[in-house]
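Chemist: Fold the following and give me the result.
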Amino acid sequence: MATTSFTHPQLFSRAGKSAKNKAVLAPLTHNMSEDNGDLSSDEMAWLSLCARGGFGTLILAATQVLPGGRCWQGQPGLMSDFQQGQLAKVAAMARRHRVLTIVQLHHGGVRASVELNERAPMGPSAIAAGGRYPLGVEEMSGEQIAELTEGFVSAAQRAYEAGMDGVELHGAHNFLLCNFLNPTLNLRSDEWGGSVFKRTKMLRDIIAEIRRRLPRNFIVGVRLSPESYANVRGIALSHQMEVANILATQDIDYLHFSMGDSFKAPNEGEGSSLLAHIREGFTGDIPLMVAGNIADGLSAQQALHLGADMVAVGRAALGNPDWFNRVATRTKLVNPPFSRKQLSLNGFNAKGLQYLLSVPGLVASTEDGAQV
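Modeler: Prediction:
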């Protein structure tokens, strides 16, 4: 069980790389990319603020790997030479601050936007039209699965050539890789469905091909949801722990659980906290990263005490791109709801602010930060 300080270095032993501390900028949706997925200058400036702010690792926002999987306007992409060149600028900036950079690779699956993709979303199994899926969901063929697997691997290769330190495969939040893990959405009886092991096949194939093509010092992580949440059903903690332990044998470098609240009780099973339950059931010998309610130095240290190796800071970083420097020096943090002025000073443009205003409790009701 990890009990060291989050200010201590974090070793990715399989890759032979080390982050200068255990604090990670979580992959945050901010809608600041251009309509075609190119990184905006504002987005790159925000990442620079976070690098200067002391984080040991930056994980860039969910990044589209193939057309057809887009989930929101302002989502970044990694599908062109120009987009690869922009990542190269981010990687070079981060290296100047001794910060590792990881890009999160993503396809929306059943959550892909009909409006932005001008087509029905794809998933492991078909879903009839109606309700949340006005055009239904198209069941992916073996050829489409192979094409998408190649999309993830090609994006990883672009990230490597751009000088990024690694990639994170987004297998959480009811997006495509999570859809294949979910037995209520994956009803297949072929090599991609049935047992928990078969439902991990797409992830395992992506990981294996990245390892075949790229040097071993390139970091590969996977993000998982541990439980069902909101209106998403079928993600059972017992199954996700089996997935986690399978993936830990697949030559990845870390596992990232998106917890919602790292300190809540589990929905199933016993234990005082979800994180402690996960730590007890995780048999892998790779670092465990957690995101969810890591607000300050005390909660970061508590997460390490409960068994995390790294802490990913999300909401708190929006108002404090210098989160690590503040908590390391015991400087007061800016707490939500954040003022629009503060967020603008932190680099969020009009599109970013519009999105953040849609998140309950995140942004103050008036320009100066007062509540009405």
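
Chemist: all contacts plus neighbour counts: C-alpha atoms, from now on.
Modeler: OK.

Chemist: Please, where are all the strands along the stretch 201-350 of the chain?
Modeler: In the stretch 201-350 of the chain, the segments counted as strands under DSSP state E, counting those that start in this stretch are 219-224, 254-258, 288-291, 310-313.

Chemist: Dump these to JSON lines, plus distance to residue 364 and mean pLDDT.
Modeler: As requested, the strands of the stretch 201-350 of the chain are exported to JSON lines (distance: least, Cα to Cα, whole Å; pLDDT from 0 to 100):
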{"stretch": "strand 219-224", "distance to residue 364": "30", "mean pLDDT": "98"}
{"stretch": "strand 254-258", "distance to residue 364": "25", "mean pLDDT": "98"}
{"stretch": "strand 288-291", "distance to residue 364": "23", "mean pLDDT": "98"}
{"stretch": "strand 310-313", "distance to residue 364": "20", "mean pLDDT": "98"}
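
Chemist: Pick the most buried one from the ones you listed.
Modeler: strand 310-313 (a mean of 27; mean count of other Cα atoms under 10 Å).

Chemist: List every C-alpha atom in it, with coordinates, as PDB.
Modeler: Provided in PDB are the C-alpha atoms of strand 310-313 (Å, rounded to 0.1, in the frame of the first residue of the first chain):
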ATOM      1  CA  MET A 310      -0.800   8.600  -8.100                       C
ATOM      2  CA  VAL A 311      -3.500  11.200  -7.800                       C
ATOM      3  CA  ALA A 312      -5.200  12.900 -10.800                       C
ATOM      4  CA  VAL A 313      -6.500  16.400 -10.100                       C
END
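
Chemist: Output the contacting helices and strands for that strand.
Modeler: Judged by 3 or more Cα pairs under 8 Å, 6 or more residues apart in numbering; DSSP states H and E, strand 310-313 is in contact with strand 23-25, strand 288-291, helix 297-306.

Chemist: per-residue confidence averaged over the longest one?
Modeler: Helix 297-306 shows an average pLDDT of 97 in the prediction.

Chemist: mind listing what's buried in it?
Modeler: Counting neighbours by 16 or more other Cα atoms under 10 Å, one finds that the buried residues in helix 297-306 are 297, 299-306.

Chemist: the helices in the stretch 151-300 of the chain, which residues?
Modeler: 176-181, 196-199, 201-213, 237-247, 274-281, 297-306 (DSSP state H, counting those that start in this stretch).

Chemist: next one: the first one to chain centre, how far?
Modeler: Relative to the mean C-alpha coordinate of its chain, helix 176-181 is positioned 14 Å out (Cα atoms, centre = their mean, to the nearest Å).

Chemist: re the thing from before, turn the helices and strands packed on strand 310-313 into a markdown table, including distance to residue 180.
Modeler: Formatted as a markdown table, the helices and strands packed on strand 310-313 follow (distance: least, Cα to Cα, whole Å):
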| stretch | distance to residue 180 |
| --- | --- |
| strand 23-25 | 27 |
| strand 288-291 | 22 |
| helix 297-306 | 29 |
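
Chemist: ranking the helices of the stretch 151-300 of the chain by burial, who's on top?
Modeler: helix 176-181 (a mean of 28).

Chemist: Just the C-alphas of that helix, formatted as PDB.
Modeler: C-alpha atoms of helix 176-181 as PDB (Å, rounded to 0.1, in the frame of the first residue of the first chain):
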ATOM      1  CA  LEU A 176     -16.400   2.700 -26.900                       C
ATOM      2  CA  LEU A 177     -13.800   0.700 -25.000                       C
ATOM      3  CA  CYS A 178     -16.000   0.800 -22.000                       C
ATOM      4  CA  ASN A 179     -19.000  -0.400 -24.100                       C
ATOM      5  CA  PHE A 180     -17.100  -3.600 -25.000                       C
ATOM      6  CA  LEU A 181     -16.400  -4.200 -21.300                       C
END
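
Chemist: Are there helices or strands packed against that helix, and which ones?
Modeler: If contacts are counted by 3+ Cα pairs under 8 Å, 6+ apart, helix 176-181 sits against strand 122-123, strand 166-171, helix 196-199, helix 201-213.

Chemist: Adding distance to residue 61, write these out as TSV.
Modeler: Formatted as TSV, the helices and strands packed on helix 176-181 follow (distance: least, Cα to Cα, whole Å):
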stretch	distance to residue 61
strand 122-123	21
strand 166-171	10
helix 196-199	25
helix 201-213	19
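
Chemist: picking up where we left off before, among the buried residues of helix 297-306, find me the one that's closest to residue 128.
Modeler: Of all these, residue 303 has the smallest distance to residue 128: 41.5 Å, by Cα to Cα.

Chemist: Okay, helices next: where are they in the stretch 1-150 of the chain?
Modeler: Using DSSP H, counting those that start in this stretch, helices in the stretch 1-150 of the chain cover 41-52, 81-96, 114-117, 142-161.
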